[in-house]
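Novice: Sharing a model prediction with you, sequence too.
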Amino acid sequence: MMVETAKLSEIARIDRSSLSPDRIEAGTSYLGLENIQSGGAITGIQVVDDGELKSSKFKFTSKHILYGKLRPYLAKIAAPDFDGIGYVRLSC
């Protein structure tokens, strides 16, 4: 079986769209690295309150692939089926 390969940069792009803390609305879904298991399962989705987060977060949609680049050997890569914000890099 022949498998085609390509550079990741040829098929995806890093999306660095972020929201400052004052623009994060109450009720927004939030994912941290602790919410993505090795292999892609998403667990414990959090919902934020006004003023709860103190730093900018990346925004994502269901069209993104989320990648936790801290300790990449943990394989924290997920494809959410919802929109939200998080502390993970995004590609689409």
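Specialist: It's in. All figures in this text were calculated on a predicted structure; none of them were measured in a lab.

Novice: any idea where the helices of the protein begin and end?
Specialist: 8-11 (DSSP state H).

Novice: for it, where's the lowest mean pLDDT among helices and strands?
Specialist: Using mean pLDDT, DSSP states H and E, the weakest-scoring helix or strand in the chain turns out to be strand 89-91, at a mean of 62.

Novice: Might you report the residue contacts of the closest residue in space to Ser56 that isn't next to it in sequence?
Specialist: Nearest in space to Ser56, with sequence neighbours left out and distances taken as Cβ to Cβ, 6 or more residues apart in numbering, is Ser18 at 4.6 Å. (Glycine included, C-beta is placed from N, CA and C.) Ser18 is in contact with 56-59, counting by Cβ atoms under 8 Å, 6 or more residues apart in numbering.

Novice: pLDDT below threshold where in this protein?
Specialist: Low-confidence segments of the chain (pLDDT under 70): 89-92.

Novice: Point to the residue nearest the middle of this structure.
Specialist: Leu66 (3.7 Å; Cα atoms, centre = their mean).
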